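K.L.:
Sequence first, predicted coordinates after that:
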Amino acid sequence: MKNILQMQDICKSFSGVEVLHSVNLDLYEGEVLALVGENGAGKSTLMKILMGIEQPNAGKIFLGEEEVKLDNPAKALDLGIAMIHQELAPIPEMTVEENLFIGRELSHFGFVDSRKQAQLTKEWLGNLNLRIPPTTKMQDLSISQTQMVEITKAISYNSKILIMDEPTSAITEAEVRHLFEIINLLKKNGISIIYISHKLQELPFIADRVQVMRDGHIISVAIMAEKSERQIVRDMVGREISNIYPKCDNNITEPILEVKHLNKKGEFEDVTFTLHAGEKLGIAGLMGAGRTELVSTIFCVNRPDSGEVWVDGEKVNFRKPSDAIKKKIALVPEDRKLMGLNLAMNVQENATMCIDKNIAKFYFLNNPKGSLLAKEMVKKLSIKAHSTKQEVGNLSGGNQQKVVLAKWLLTEPDILLFDEPTRGIDVGAKAEIFELINNLVMNGKAALIISSEMQELVGIADRVIVMCEGKITGEVKGEEITQENIMALASPKNKNGSIN
Amino acid sequence: MQNQEKDQKHNTATEQNEKVPFYKSSQFWKSTGIFWALVILVIIMAISQPAFLTKPNLINILKQASITGILAIGLTLVLLTGGIDLSVGSVLAVACMAAAFLTSDVQGFPVIVGFIAGIGVGAIFGLVNGFGIAYIGFAPFIMTMATLSAARGIALVSTNNRPIFNLSRTFIDVSNSIYFGLPSLVYYFLIVAVLAYILTKKTVFGKWIYAVGGNQIAAKYSGINVEKVKLIIYMIMGSLSGLTGVLMASRITSGNPTVGEGYELDAIAACVIGGVSMSGGAGSVIGTVIGVLILGVISNGFDILGISSNYQRIMKGLVILLAVFIDIRSRSRKNS
């Protein structure tokens, strides 16, 4: 196989701290190279250098035989390097066609030549066997379809190297299969792919080789088939992780949260379930099944249309989230940057956000007490920060998530609603978060856990309820909790998972 | 073993970072940069114009900056929550009319009534703004632009365009006295500044202001009553506009319905120069006070140099752009 990209001895420092130490990366024609590592391992920085967004302090980059200097993103794109971002950034109001031609519109004397554009768009989409009408607005596409359009766009620039950053983090299983088909098609056309993912179990299906990074070093490079998931995890975290899903001796007792016939139009209908003290109850379902809407309605971020919520055998009438907090409910939201944290504030300010008024001295902030509590939490959750005064925007994803947890643990909740508690965080931090959930339920707290990674629910939940299109379609318990059983309940009945 | 060595190296690197004295760190220069800009400006003025660095002139600068200063401090709070208030100049005018009407020799109420009426009128406008923005969902720009127009209309209609004269002597003394060598207006400015500083930096409510402006959704999920915070902030802003209206009436010894036109822009300019973010969540009362002083020094210096106010406007525009430019640059350097 022909070597099409070589990055040699790449070094990069930020304000005096070296984050990449003589890193090498080789990419061959028509292969998929999985690049894995915990958050902060240096993957993103390395990719930013390849995209021309960051400049290395030392090292050389060769495309084929030729040494290149990638001083800006436009140049990288010109030389055939394109990236499909984790957070896709199309312009929602524009059509598929307009998005594909953004910045390089075909024109006749300053007028857009839509006929030619439409023709090319059809051709490009056709090459990838996609059946998306070119005149659809981007906002009407699913995440998966948007991703496909982004891939089409990258290919249309004659890219030879595609970087995919967590492409499967937000799409369904059927869509993942479709994505893999597309990737295989791209490989056949001689396109090489650098595939970044936290989902190790999917790598054997798609990657040819795997390269593991940790703390700015390359730890291992190997043929995928010769490397087990366990070995990869060990390389990533630098130690054996015996079990991501630790054992748990919890004692399930009385009902603590009862939801009865809860309705919210267009989101979910007639939802009834009971959560017990000491229980880990999972909620499974595909994207858009209404799970997030359900928990945010229980927490009263949004008001329900009808239905009842009972806490501790008493009917409650929440009007706003602070009412739910008073009843010892906590919601660890799905998107920590959007809903969980104030990125410009420091660890302490975020951690004490919900309890400031409880520890206040006559409306004045009680900083000494807050600092003490925040330090305790940093220690308890082993949050890696220089100090409690560090801005959370500068922390890694896993540590940010722990700050969100700290904020809620300080409210001393009895009922914890976790919405995707491990999204986008690395294996080590995941194990720690599960450990923490176990400790909570062993102390008689109740945990409701939404996760799109079914494996997680199989690993930790005592019981799983499954939602599909806003309704509860079933419940599985104990031995019955398997990916197959959950999937069967989670898939829409009459639409056999068809996409496009 | 190899890894441990690396860890140690990493640790020492961070320790060295921490050992750098605060006054040498980039954080220090970033957070005090605007202060040094003021110092440099004063030095330049002092060297080029001997008349600048005299006690009467410096006091004059403070006095002239006071009215805009109070408004700018109120606007700082509003901007911190991610909002804006364009109506301050018009609300000021209504409060000015109300205070003048009540304390003129026709009505003859005591000074305190003038204050209560002016601040009360301002608070009501603030309540309307806050309700429209927080509970109905009007964009702050739209809501307060409507109030800007309506309040000015009310001020003009109230006396059919005519000013109110013959205010009581005690009321006129409010803005035109001197205590311990400083004009009374300066004390009002300082008191408002100190209270606002304490509110934003020391109280739980102050933290909520930053929380709402920094990330409204996260604030809501944390159980903060976002709507109520906004409502209160617009009411504080309205009350401060009312207060400036009262002070203005006393200073110009009359109720004038056209007073305060365009003041909102001066106040916003002071905030922006002082480093308050227009998108909310970042900035400080101290920054704004310095911003107010910078604008004051520039306009005073130009007055001494005999440059017409038209050129001053041009200069003000350039200063705003320069201040924001420096802010953007320091931010992008921090991120890279």
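P.N.:
Good, I have the coordinates.
K.L.:
where does A:Ile151 land on pLDDT?
P.N.:
Per-residue pLDDT puts A:Ile151 at 87.
K.L.:
Would you check that it makes contact with A:Glu181?
P.N.:
No: contact criterion C-beta atoms under 8 Å: A:Ile151 and A:Glu181 do not qualify, at 11.8 Å. Backbone N, C-alpha and C define where each C-beta goes, glycine included.
K.L.:
of these two, who's got more company?
P.N.:
The residue with more neighbours, out of A:Ile151 and A:Glu181, is A:Ile151; 22 against 12, by other C-beta atoms under 10 Å in any protein chain shown.
K.L.:
Just the element for the more buried one, please.
P.N.:
Using DSSP states H and E, A:Ile151 falls within helix A:143-156.
K.L.:
Export that helix to CSV, keeping only CA atoms.
P.N.:
Provided in CSV are the C-alpha atoms of helix A:143-156 (Å, rounded to 0.1, in the frame of the first residue of the first chain):
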residue,chain,number,x,y,z
ILE,A,143,-28.2,14.2,12.1
SER,A,144,-27.1,11.2,10.0
GLN,A,145,-28.2,12.8,6.8
THR,A,146,-26.4,16.0,7.7
GLN,A,147,-23.3,14.0,8.3
MET,A,148,-23.7,12.4,4.8
VAL,A,149,-24.0,15.8,3.2
GLU,A,150,-20.8,16.9,5.0
ILE,A,151,-19.0,13.8,3.7
THR,A,152,-20.3,14.5,0.2
LYS,A,153,-19.0,18.0,0.5
ALA,A,154,-15.6,16.8,1.7
ILE,A,155,-15.4,14.3,-1.2
SER,A,156,-16.4,17.0,-3.7
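K.L.:
Flag every buried residue along that helix.
P.N.:
A:144-156 (16 or more other C-beta atoms under 10 Å in any protein chain shown).
K.L.:
C-terminal to it, which secondary structure element comes first?
P.N.:
strand A:161-165.
K.L.:
what packs against that next one?
P.N.:
helix A:43-50, strand A:81-84, helix A:143-156, strand A:192-196 (3 or more C-beta pairs under 8 Å, 6 or more residues apart in numbering or on different chains; DSSP states H and E).
K.L.:
ok so, going back, state the pair within the buried residues of helix A:143-156 that is farthest apart.
P.N.:
A:Ser144 and A:Ser156 (18.8 Å; C-beta to C-beta).
K.L.:
Keep only the buried residues of helix A:143-156 that also lie close to chain B.
P.N.:
Contacts with chain B are made by none of those, judged by C-beta under 8 Å from any C-beta of the partner chain.
K.L.:
Between the residues you listed, which sits nearest A:Glu469?
P.N.:
Among those, and counting by C-beta to C-beta, the member closest to A:Glu469 is A:Ser144, at 17.0 Å.
K.L.:
for the closest one, what are its contacts?
P.N.:
Applying C-beta atoms under 8 Å, 6 or more residues apart in numbering or on different chains to A:Ser144 gives the contacts A:171-172, A:175, A:178-179, A:499.
K.L.:
that older thread, kindly reformat the helices and strands packed on strand A:161-165 as a markdown table containing distance to A:Ala277.
P.N.:
Listed next are the helices and strands packed on strand A:161-165 as a markdown table, based on distance: least, C-beta to C-beta, whole Å:
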| stretch | distance to A:Ala277 |
| --- | --- |
| helix A:43-50 | 41 |
| strand A:81-84 | 44 |
| helix A:143-156 | 37 |
| strand A:192-196 | 40 |
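K.L.:
looking at these, which is closest to B:Asp85?
P.N.:
Of all the helices and strands packed on strand A:161-165, helix A:143-156 comes closest under C-beta to C-beta, at 38.6 Å.
K.L.:
In the stretch 201-336 of chain B, what residue spans correspond to helices?
P.N.:
B:204-214, B:216-221, B:226-251, B:263-273, B:285-305, B:309-335 (DSSP state H, counting those that start in this stretch).
K.L.:
I'd like to know which of those helices lies nearest to A:Thr411.
P.N.:
Nearest of those (C-beta to C-beta): helix B:216-221, 12.1 Å.
K.L.:
Which residues in that closest one does the neighbour count mark as buried?
P.N.:
So for helix B:216-221, counting by 16+ other C-beta under 10 Å, buried means B:216, B:218-221.
K.L.:
And stretch B:86-105, by the same measure?
P.N.:
B:86-104.
K.L.:
residues from chain A in reach of chain B?
P.N.:
So chain A meets chain B at A:14, A:16-17, A:215, A:217, A:238, A:299, A:301, A:320-322, A:324-325, A:331, A:333, A:338-345, A:349, A:353-354, A:356-357, A:360, A:363-365, A:386, A:407 (C-beta under 8 Å from any C-beta).
K.L.:
are any of the residues you listed buried, and which?
P.N.:
Applying 16+ other C-beta under 10 Å to those flags A:215, A:217, A:299, A:301, A:320-322, A:324-325, A:331, A:333, A:339-345, A:349, A:353-354, A:356-357, A:360, A:365, A:407 as buried.
K.L.:
three-state assignment of A:Leu20?
P.N.:
Assigned with DSSP: H, G, I helix; E, B strand; the rest coil, A:Leu20 falls in the strand class.
K.L.:
what's the answer for A:Met7, then?
P.N.:
strand.
K.L.:
What number of residues are in the vicinity of A:Leu46?
P.N.:
The number of residues near A:Leu46, taken as other C-beta under 10 Å, comes to 28.
K.L.:
Hmm, it is touching A:Val19, no?
P.N.:
No: using C-beta under 8 Å, A:Leu46 is not in contact with A:Val19; the gap is 9.4 Å.
K.L.:
check contacts around residue 199.
P.N.:
I went with chain A, as the question did not name one. Per C-beta under 8 Å, 6+ apart, neighbours of A:Lys199: A:168-169, A:453.
K.L.:
not what I meant, chain B
P.N.:
Contact partners of B:Leu199, counting by C-beta under 8 Å, 6+ apart, are B:77, B:205-206.
K.L.:
try 7 Å
P.N.:
B:205-206 (C-beta atoms under 7 Å, 6 or more residues apart in numbering or on different chains).
K.L.:
Quick check: which element contains it?
P.N.:
Counting by DSSP H and E, B:Leu199 is found in helix B:184-202.
K.L.:
got the residues of the stretch 201-336 of chain B near chain A?
P.N.:
Neighbours of chain A within the stretch 201-336 of chain B, by C-beta under 7 Å from any C-beta of the partner chain: B:202-205, B:207, B:211, B:214-215, B:217-218, B:220-223, B:225, B:281-282.
K.L.:
Just give the nearest non-adjacent residue to whichever residue of the stretch 151-300 of chain B sits closest to chain A, would you?
P.N.:
For the stretch 151-300 of chain B and chain A, the shortest gap (C-beta to the nearest C-beta) falls at B:Gly223, measuring 3.8 Å. Leaving aside its chain neighbours, B:Gly223 sits nearest to A:Ser322 (3.8 Å; criterion: C-beta to C-beta, 6 or more residues apart in numbering or on different chains).
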